[in-house]
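Asker: Predicted structure and sequence below. I'll ask about it afterward.
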Amino acid sequence: MKEQEIKQLIQTKLRKNEVIIGKKESIKAAKEGLLDLIVYAKNTDEKTVNELKSLGIRLEEYIGDSEALSILCGKPFNILVLGIKR
């Protein structure tokens, strides 16, 4: 996916309340089959990325860091990982 498509998808899903924020929450939702996609910030550590890859769900790296991802989501805290619901 292109950067603009990812941004647009996240913003659309946020308005519909179809985004899960956080690594732990996203992994749990992925295991329950609730997610179509996981997006992670470019500064996510390799261990976490490998853990996400092991879930067998589509992954996209966000071009920005966790601070940029939090700004996109309108949150006052950094976001490393978020899940997009089906």
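Answerer: Thanks, I have the structure now.

Asker: helices and strands around the strand ranked longest in the chain, which ones?
Answerer: When the chain is parsed with DSSP state E, its longest strand is strand 35-41. Contacts defined by 3 or more CB pairs under 8 Å, 6 or more residues apart in numbering; DSSP states H and E place strand 35-41 against helix 3-15, helix 23-31, helix 46-53, strand 58-62, helix 66-73, strand 81-85. Every residue, glycine included, has its C-beta placed from N, CA and C.

Asker: who touches the nearest residue in space to L34 that is not next to it in sequence in this structure?
Answerer: Closest residue to L34 apart from its sequence neighbours, by CB to CB, 6 or more residues apart in numbering: K85 at 5.7 Å. Listed by CB atoms under 8 Å, 6 or more residues apart in numbering, the contact partners of K85 are K13, E18, V19, I20, A29, L34, L35, D36.

Asker: What about the closest residue to the last one other than its chain neighbours, how many residues nearby?
Answerer: Pointing back at D36 there. In this structure, D36 finds its nearest non-sequential neighbour in R86, 4.9 Å apart by CB to CB, 6+ apart. Neighbourhood size, R86 [other CB atoms under 10 Å]: 10.

Asker: do you know how far R86 is from P76?
Answerer: Separation of R86 from P76 (CB to CB, to the nearest Å): 28 Å.

Asker: First-to-last residue distance for stretch 47-65?
Answerer: Start-to-end span of stretch 47-65 (CA to CA, to the nearest Å) is 16 Å.
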